[in-house]
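A.B. asks: how would this look folded up:
(3 chains)
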Amino acid sequence: MPELPEMETYRKLLEERVGGMVITEARVEREKTINIPPEMFIQTVAGNRLKHVGRRGKHLLFELESGHALLLHLMLGGFLYWGSQTDKLERSAQVTLSPGPNILYFHGLRLGYLHLLTRDQTAERLADLGPEPLSPVFTLAQFAQLLSKKKSLLKTALVDQHWLAGIGNCYADEICFHAGILPTRQIPSLTPEETTRLYHAIQAILREAMQAGGYMEVPFYHGDRLTGGYNERCRVYDREGEPCPRCGHRIAKSMLSSRKVFACTNCQT
DNA sequence: AGTGAGACCCGAACGC
DNA sequence: TGCGTTCGGGTCTCAC
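C.D. replies: Down below sits the predicted model:
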């Protein structure tokens, strides 16, 4: 599901294409996707300029000139499409915005949402998130400090948004594989050397995935060659039984608090 | 504090 | 083909 690299890919594409544009029209097809009555939502959003598109963890922030922000979380199965009245998908869209001549379609928002918030409300909603793993202030020392405060299993911590923001089920496994460490390791058992490997794996995997365009299944616009470029690059995620790209051993799947865990039990220790 | 279960939601996958 | 059923999975909340 959409994690940091996918949302960052969307953020960049959106910033380039619709940043600075006036949202001439907003439509709400599913009221539960938003947080206020549709009339109020449309009244505030329509005619408002989209100043900037930001990201925090797995959230996307559409910052409006009025000081409001649209806070997007795609949760499970949510995705975006940017096209025209005719160039659109054969799928229902829960909300559409028209920044400029094209239309931004919000699809698959069942558990996901697009909430219109004031500056203060936005800050409050994001206040509980952990640090951004790719921020320059997120150093190895800070990561080691974070780890020292956790006693849980490694994977449980990696997907905990309050501890570290942006990593989900897929990248947690990919990061552990890159570091050669089992996701089910107890955090207190990690050596300083392993902590260093994990830190560098977080940087390497997230940056590689961002560069490749994440693992979304649906392109962002007609002819999009970036979005979803990471689909073929996952080393262990959803590859149960396939040979490990490092040692050839079969990749194992297990469950951990109703989450799938993929790992090579031979070269990850 | 960590873990687990239930709720949320509906498209996709599956079974007959 | 087609209808009914099951499942998945991030996050929040509430036990234990």
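
A.B. asks: buried ones in stretch A:22-39?
C.D. replies: A:23, A:26-28, A:30, A:33-34, A:38 (16 or more other CB atoms under 10 Å). Glycine gets a C-beta too; all of them are placed from N, C-alpha and C.

A.B. asks: which parts of the stretch 151-269 of chain A sit against DNA strand B?
C.D. replies: A:151-153, A:156, A:256-258 (CB under 7 Å from any atom of the strand).

A.B. asks: Go ahead and build a PyMOL selection from the buried members of these.
C.D. replies: Per 16+ other CB under 10 Å, the buried members of these correspond to this PyMOL selection:
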select buried, chain A and resi 153+156
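
A.B. asks: restrict the residues of the stretch 151-269 of chain A next to DNA strand B to contacts with DNA strand C.
C.D. replies: Counting by CB under 7 Å from any atom of the strand, the members of those near DNA strand C are A:S258.

A.B. asks: give the contact list for A:R250.
C.D. replies: Going by CB atoms under 8 Å, 6 or more residues apart in numbering, A:R250 touches A:241-244.

A.B. asks: same thing but 7 Å
C.D. replies: For A:R250, the contact set (CB atoms under 7 Å, 6 or more residues apart in numbering) comprises A:241, A:243.

A.B. asks: From A:E232, how far off is it?
C.D. replies: Distance, A:R250 to A:E232, by CB to CB, to the nearest Å: 19 Å.

A.B. asks: Moving C-terminal from the helix or strand hosting A:A141, which element do we reach first?
C.D. replies: In the assignment (DSSP states H and E), A:A141 maps to helix A:140-148. Per DSSP H and E, helix A:140-148 leads on to helix A:154-158 as the next helix or strand towards the C-terminus.

A.B. asks: In terms of secondary structure, what does that next one contact?
C.D. replies: Helices and strands touching helix A:154-158, by 3 or more CB pairs under 7 Å, 6 or more residues apart in numbering; DSSP states H and E, are helix A:169-179.

A.B. asks: sorry, back to before: show me which positions of the helix holding A:A141 end up buried.
C.D. replies: A:143, A:146-147.
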